[in-house]
Structures are given as C-alpha cells and as structure tokens.
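[1] predicted coordinates and the sequence they were generated for:
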There are 2 protein chains.
Amino acid sequence: MLSAFPLTPFAGDGTVDERAFTGLIDRLVAAGVDSISPLGSTGSYAYLRPRERARLARLAVEHAAGIPVMVSIGATRTRDVLDLAEDAQKAGVSAVLLAPVSYQPLTADDVYGLYEDVTRELSVPLTVYDNPGTTHFTFTDQLYQAVAALPNVASIKIPGVPADPAAANAHVARLRGLLPAHVTLGVSGDAYGAAGLIAGCDAWYSVIGGTLPGPALTITRAVRAGDTATALAESARLQPLWDLFARHRGSLRVIAVVAEHLGLVTAPALPRPIRGLSGADRAEVIDVVERLGLSGQRGRTA
Amino acid sequence: MLSAFPLTPFAGDGTVDERAFTGLIDRLVAAGVDSISPLGSTGSYAYLRPRERARLARLAVEHAAGIPVMVSIGATRTRDVLDLAEDAQKAGVSAVLLAPVSYQPLTADDVYGLYEDVTRELSVPLTVYDNPGTTHFTFTDQLYQAVAALPNVASIKIPGVPADPAAANAHVARLRGLLPAHVTLGVSGDAYGAAGLIAGCDAWYSVIGGTLPGPALTITRAVRAGDTATALAESARLQPLWDLFARHRGSLRVIAVVAEHLGLVTAPALPRPIRGLSGADRAEVIDVVERLGLSGQRGRTA
C-alpha cells in the first residue's frame, strides 16, 4: 500500500500556492496511489496556521477522487491538536496522522496522555507518527503497545527498518507481536521503503510517492506481486536520491528541488526560515534527477 | 542583572489564568528584579496562540511598573515570528527574545536568515536565545559572530558555562572576543547562574528568578557587590533544586510544582500534553522547597 506525501507549495508572498497544491493531488490521483497524505512533514504542516490546514484538507479531499486522504493534526499543545482533529474531520478526511510534536521534551506519560486525549474524541482512524528526526521523541516498545491499544489507533508509521533483510524481518515481526492484529505498520524513510514492505510492513508512507509516484508505485506493486527482486532493484537504482536525502538533513529540501525542477511547484517552494538548496547542492539534485530519468515523471499538470 | 522568567499559569479549562499571571508579575516588581521575561520557555510561549501571546505581553507591560519586559517571539515559521514581533512591539515591550524554533532540522544558513529577516523589521533590541534543549539547534562560534553583527541584536542567552571557574572565565572571555562590545551575554540554566555571573556574564536569564526572586536576587546582588563567596554559597545551598531540574528534563515541571505549592498558581498549571509531576516526584519537590526554607518566599499576591 503506497501512501503518498506531497509537498505544500508556497508562493513568493508566503501564501500557499493552491493551484500547485491541487495539481499535485490531481497528479497522485492520475498515478493511482492508494492513499494521499498532504500536510505530513513533507507537506509542512508544522509551518501552517489552523485555517490554512483546514482549507488544504478540504481541497485535498475535493481533488482526491475518492482516494483516502490522511492529514497530520500535530501541534505542540493538546488543545490545538483537538481543534485540528475537528477541522480535519469536517473536511472529510479518512484518517489523521499524529506525531508527538514537542518544544519542551516530552515524557512517555505525556505522549501516552496526548494520544489518550485525542483518540477519545476521534471518529476517524489515527496513525501514530513516530518521527524522532522532527519530534526528538523516542518511542519504546512499551509505549507502542500502550498507544496501539487505544481506540481508533489504526496504524503506526515507523522511522525505518534495519538494512539487513533478516534483521528487518525480525524487527517487523517483533513490532507485530506488540500490536493488536488490526493495527497496521507503515515504513517511512524512503531508502527503507522496499526493505520495509518486503519485511512485511503493510504500507509505505512515502515522500517520493508524493512527487515521483511512478518509481514508488513500481516498488510497491512489485512487492505486492511477490517480485522482490524488481522492488529492490528499483530502490537500488534510486540510491543517489537516498544519498541526497541523507546528506541534506532529510528528504524535504531535496524533494522540493525535484518538484521545482519538474515544474510542479515554483521555487522557492519551502517556507522560511527553511531555505531551499542553492548553488552546487541544487545542481547536484537536478543532475541526479536527470541521470535517473526522473524528469520524465512530469505529470499532466506540470 | 537579573532577568526573571515567570510561568504562564493555565486554568483547568486550558485558558490562561490571567489573575495568577499578573500576580506573578506584581510579585517580581515588588521583589525588584531588573527585567521581566514572561513568555520565555518557562512561560510556555510555544503552547500559546498569537492572540494569547499579544494579550499577555500587554498585561505584563501594564503590571511591570516600568521594569523592562522582554517576550519571546519564537515560532517555527518566519512569517509568524514577524507577526509576533509586531504584536510584542505594539504591546510596549522593551526587548524581544528569539530562539530558532524548529520542526524540520535547521541549517546555520536557515538560522542566520531567520535573524536577518527579523532584525531588519525590529524597532526594539533582540536577545538571541540559544536553547538547544528545546530547539535541537547548536550555534557555532561563527554563527554567534554573524548573528551578533546584525542590527538590533543586543544580547545572547547562552545555555550555561563550564563548572570549573577557570574554564567558565575562559569560555565567557572567548565568547566576548567574538561579539561586538555592545552585545551582552546572559547565562541561563539556573545551576550556572552564579558561576556565569562571576565569570563575567552581564545577565542571568533565570527560571527561579521568575518564581523565587529572593534567592536569585541574593546571588545576583552578591556578585555585583564583588562578594562571590556569598553568591556561590547561595547557589550551593540550592543544589537540591538544580538536581531536581536535571532529573526532570529541565526546570519547567519542577518550578511549576514550586509555584503551585507556594499558592502562586493553581495545579495543574502546565499545558497538556505536558503533565505536571505527581506522586513521589511531586512530594520530593515540595520536600526540597520546605527543607530549603523557600516556602517563606510566598509573595504578597500568594
């Protein structure tokens, strides 16, 4: 199952470029992804105001043509998370995504309490978003287990799997052993997409899926068909992209250049204070896109 | 110079307890602190909406009786920081405080750009808030130097100094060497208050100063009078408090129990998802407060 995380493109004046945003959604519908997750970390949810998030959720649902839409409801404060959950549900989303966004370091009790307070009020499923690179919070097995037992918890988005296939299998099997059968596991960190799906994850919560759905679907469909060799070969072919993600503090700055180069969004597409890549760093991303033949991924809305 | 950081007390329904908030400000005025910094990390700025922050800044200035007020204008997005700066200036603050609040990890260029964009628009001085425990960003010497050269930068709030007095002196002297003469240095991390002032910091940006101004003023005034022995003795006497701060992921949860125990705020005073200390942890804080004779610090507004 491929869940695609598109960018939220910004215009020069700091407003959201809604035409580019809906263009990205239309493109994912045309590609045939299984689920669309705008307003994830890649969708810069942490940089948007509640009103903007509500509007983008509505636009995404309108353009998703029936494909399930999941949005993040993360915020530092529980009160605001609850308001965002209500906005998202009113917009018609199929699921919500929640990371323990922090300013003050959070304890396990704080995080459990957050999920307890929020799931109690929900009428749609929630995906637990374990993203230590942005939240600086580390889930323990015990906390996974406790949170997964709460009502409406449907999935856990894990940060990756071990590189070694046997270790990846063992990791996913161990996590499954902790969780109720109805709670799915989704891998993130695109370099781990193929490995995570092969190791038995139900979903790939994918950054490239939001901008380059073609290769992400190649990997996901190959695993579903039992053709792990094709999935691993495609992931290995994209290694230069994974290397760039690792070198630039995550995928965001790199995928923004990819989307800009493909003409899907206008540079600079990221919200300040985040500066896009420039100079040699930018040129290197474009070079990788061209060498890998990814600029042929231009969508009908480009 | 003692800059006191009071709590923002919350009421049970999640609104700000404004009566308790202004009571804390009145208490700091009566104690005679040099500067009041509501809406710092201790003041939970990262959990408040812009409208709440604007209102609290106005209330603080109204109650400060001419003592300079500094508020944080931190937010993940530059656009929002600029709006908060305008609100703070309209409220009549004497200075603003800005940390590189992050969700996506920031680069040095991002952070320099943030301070460049914000200082350009300011008409009051700005204190650079280096707080790696909450921002997860580490300033380099080079970045300190570049940011300190921007217009309106008046001070840097550093996270601490080495425990050894000679090393602390060398650390502060080295930082001074990097900065223009008009940029002051303020120490934070209350365990380092006395040591930082003795090592030559101009200010102590103090958490206990906001709730227990008595001992914080004892330390600050002793250093100013050249009586380092008294300052160090008072800081050593408070060591059980510093130990609690270290054990509970920073000072916030501990100082909230202190303020609750003193009757200055109503429990639970912290915003969810942050849960206050309970059970044995809470009892231990109260025990330390009583043993150190700090409950006599109840103010006239208690």
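    That came in fine, so what should we check first?
[2] counting by contacts, list what the biggest strand by length in chain A packs against.
    Looking across chain A with DSSP state E, the single longest strand is strand A:153-158. Judged by 3 or more C-beta pairs under 8 Å, 6 or more residues apart in numbering or on different chains; DSSP states H and E, the packing partners of strand A:153-158 are strand A:95-98, strand A:126-129, helix A:141-148, strand A:184-187. The C-beta positions use only the backbone N, C-alpha and C, and glycine is treated the same way.
[3] I'd like the average pLDDT over the helix or strand just after it.
    The first helix or strand that comes after strand A:153-158 along the chain, using DSSP states H and E, is helix A:165-178. Summarised as a single mean, pLDDT over helix A:165-178 is 96.
[4] between helix A:165-178 and helix A:141-148, how many degrees?
    50 degrees (axes from the mean of the first three to the mean of the last three C-alpha atoms, to 10 degrees).
[5] can I get helix A:165-178 in PDB? Just the C-alpha atoms.
    Extracted in PDB, the C-alpha atoms of helix A:165-178 (Å, rounded to 0.1, in the frame of the first residue of the first chain):
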ATOM      1  CA  PRO A 165      16.900  -8.300   5.300                       C
ATOM      2  CA  ALA A 166      16.900 -10.800   8.100                       C
ATOM      3  CA  ALA A 167      17.200  -8.100  10.700                       C
ATOM      4  CA  ALA A 168      14.400  -6.200   9.000                       C
ATOM      5  CA  ASN A 169      12.100  -9.200   9.100                       C
ATOM      6  CA  ALA A 170      12.900  -9.800  12.800                       C
ATOM      7  CA  HIS A 171      12.300  -6.100  13.600                       C
ATOM      8  CA  VAL A 172       8.900  -6.000  11.800                       C
ATOM      9  CA  ALA A 173       7.900  -9.400  13.300                       C
ATOM     10  CA  ARG A 174       8.800  -8.100  16.800                       C
ATOM     11  CA  LEU A 175       6.700  -5.000  16.400                       C
ATOM     12  CA  ARG A 176       3.800  -7.000  15.100                       C
ATOM     13  CA  GLY A 177       4.000  -9.100  18.200                       C
ATOM     14  CA  LEU A 178       3.500  -6.000  20.300                       C
END
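[6] how far off centre is it?
    21 Å (C-alpha atoms, centre = their mean, to the nearest Å).
[7] hmm, who's touching that helix?
    Helix A:165-178 has contacts (C-beta atoms under 8 Å, 6 or more residues apart in numbering or on different chains) with A:141, A:144-145, A:148, A:156, A:158, A:161-162, A:185, A:195-196, A:198-201.
[8] does A:G276 belong to a helix, a strand or coil?
    Classification of A:G276 using DSSP: H, G, I helix; E, B strand; the rest coil returns coil.
[9] contacts only, for the closest residue to A:T218 other than its chain neighbours.
    Of all residues not flanking A:T218 in the chain, A:E234 sits nearest, at 5.0 Å (C-beta to C-beta, 6 or more residues apart in numbering or on different chains). With contact set as C-beta under 8 Å, 6+ apart, A:E234 has these partners: A:194, A:215, A:218-219, A:222.
[10] for A:L238, give me phi and psi.
    When read as degrees, to the nearest 10, the backbone of A:L238 gives phi -90, psi 10.
[11] got it, and A:V69?
    phi -110, psi 130.
[12] and the gap between it and chain B?
    21 Å (C-beta to the nearest C-beta, to the nearest Å).
[13] A:L59 too?
    Distance from A:L59 to chain B, by C-beta to the nearest C-beta: 20 Å.
[14] which of the contacts of A:E234 lies closest to chain B?
    A:P215 (23.5 Å; C-beta to the nearest C-beta).
[15] mind checking what helix or strand follows whichever strand or helix holds that closest one in sequence?
    Assigned by DSSP H and E, A:P215 belongs to helix A:213-224. Downstream of helix A:213-224, the next assigned helix or strand under DSSP H and E is helix A:228-237.
[16] ok now that following helix, how far from the chain's centre?
    So, by C-alpha atoms, centre = their mean, the centroid of helix A:228-237 is 21 Å from its chain's centroid.
[17] wait, A:G196 sits on A:G160?
    Yes. Between A:G196 and A:G160 there is a contact at 7.2 Å, judged by C-beta atoms under 8 Å.
[18] against chain B, how distant is A:T135?
    Applying C-beta to the nearest C-beta to A:T135 and chain B gives a distance of 9 Å.
[19] next, the contact list for that residue, please.
    Neighbours of A:T135 in contact, by C-beta under 8 Å, 6+ apart: A:99-102.
[20] try A:L292
    So A:L292 contacts A:237-238, A:240-241 (C-beta under 8 Å, 6+ apart).
[21] low-confidence regions, chain A specifically.
    A:297-302 (pLDDT under 70).
[22] that one: strands as residue ranges?
    Counting by DSSP E, the strands of chain A are A:2-4, A:35-36, A:70-72, A:95-98, A:126-129, A:153-158, A:184-187, A:203-206.
[23] dump the ones you listed to TSV, plus mean neighbour count.
    Output for the strands of chain A, formatted as TSV (neighbours: other C-beta atoms under 10 Å in any protein chain shown):
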stretch	mean neighbour count
strand A:2-4	28
strand A:35-36	25
strand A:70-72	29
strand A:95-98	24
strand A:126-129	26
strand A:153-158	23
strand A:184-187	22
strand A:203-206	28
